[in-house]
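Asks: Structure, please.
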Amino acid sequence: MHYVSHGQGEPVLLIHGLFGNLDNLKNLGSVLAQRHQVIRVDVPNHGLSEHWDMMDYPSLANAMVELLDQLQLSSANVVGHSMGGKIAMAMALLHPSRVTSLVVADIAPVSYEPRHQTVFAGLTSLVFDQNTSRKSALEHLLTSGIDEGTAQFLLKNLQRTDTGFEWKMNLNGLIRCYDRIIGWDLPISADVHFDKPTLFIRGGESNYVTAEHRDDILRQFPRVTAKTINGTGHWLHAQKPDIFNRIVAEFIEQNQG
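Replies: The predicted structure is shown next:
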């Protein structure tokens, strides 16, 4: 699994969301690296990490633990956004001794209805040939019904080859595993919970974490604190980075091992 590590101190592991890469939480990592060892990862099937035919949260959590083993770290504070938040939660529930504290950004420990059909349609219908450029790719995504902010984010996955462009992410693998990505199926009993400090941060204008998720969150993460960043949607860490970074940094400082 591809990663970068910088800084010194109690470790913090940062895990990005679907279609992202390790640069998504780079701003937060720079802030935390002033006092911590910060490890940012490319989740399998993303960035420069290996491509998996099948991915689910138990296997992704295991991959994160294997990375901690590789780095000779007994545990880490773990921060995840969206899909990365689910990976972080799976890590905490399946390997609680390896997680010092947990920060989950704008996702709940529940199964969701599909909501990326337009994105997948736009990505899969983009034909790469000698005429493809970043501009033409952007125009294609926009005409596919994808908003410009999301389209620009997706285009960070474009990489140049000898013959043109290709997707850096394993698009077919993500499509194949999408039901598992939006699901929440762990090999644990209903009464298993993570009893260490946990912070949920939601975007005030996002519909990913709502009042109906409260019981599921409390049951699985009883030591939870919740924060809302008003004026932000699902990309809260990019929309109001100063506030997001401060909230995360203060929480980790208060709950170090």
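
Asks: Gly231 reaches Ser206, doesn't it?
Replies: No: in terms of Cβ atoms under 8 Å, Gly231 does not count as a neighbour of Ser206; the distance is 10.9 Å. Every C-beta, even on glycine, is put in place using the N, C-alpha and C of the backbone.

Asks: okay, those two: which has more neighbours?
Replies: A count of neighbours by other Cβ atoms under 10 Å puts Ser206 above the other of Gly231 and Ser206, at 19 against 11.

Asks: Would you mind measuring from the nearest residue to Leu18 once chain neighbours are set aside to Val43?
Replies: Take Leu18 and drop its neighbours on the chain: the residue closest to it by Cβ to Cβ, 6 or more residues apart in numbering is Met83, 4.4 Å away. Using Cβ to Cβ, to the nearest Å, we find Met83 at a distance of 7 Å from Val43.

Asks: The two: who's more crowded?
Replies: Set side by side, Met83 and Val43 show unequal neighbour counts under other Cβ under 10 Å, the larger going to Val43 at 26 against 23.

Asks: for the more buried one, what are its contacts?
Replies: 1, 15-16, 20, 49, 60, 83-84, 87 (Cβ atoms under 8 Å, 6 or more residues apart in numbering).

Asks: before we move on, could you check phi and psi at the closest residue to Phe251 other than its chain neighbours?
Replies: Nearest non-adjacent residue to Phe251, counting by Cβ to Cβ, 6+ apart: Leu199, 4.7 Å away. Dihedral angles of Leu199 (phi, psi; degrees, to the nearest 10) stand at phi -120, psi 130.

Asks: any chance you could map the strands in the stretch 151-257 of the chain?
Replies: 158-161, 164-167, 198-203, 224-229 (DSSP state E, counting those that start in this stretch).

Asks: what's the closest of those to Leu126?
Replies: Taking Cβ to Cβ as the criterion, Leu126 comes closest to strand 164-167 out of the strands of the stretch 151-257 of the chain, the separation being 8.6 Å.

Asks: strands paired with that closest one, and their directions?
Replies: Paired strands of strand 164-167, with direction, are strand 158-161 (antiparallel) (DSSP bridges).

Asks: tell me which residues in the strand it pairs with are buried?
Replies: Buried residues in strand 158-161, defined by neighbour count with 16 or more other Cβ atoms under 10 Å: Leu158.

Asks: residues contacting the nearest residue to Phe244 once chain neighbours are set aside?
Replies: With Cβ to Cβ, 6+ apart as the criterion, Phe244 has its nearest non-adjacent residue at 4.6 Å, and that residue is His237. With contact set as Cβ under 8 Å, 6+ apart, His237 has these partners: 24-25, 27-28, 81, 105, 244-245.
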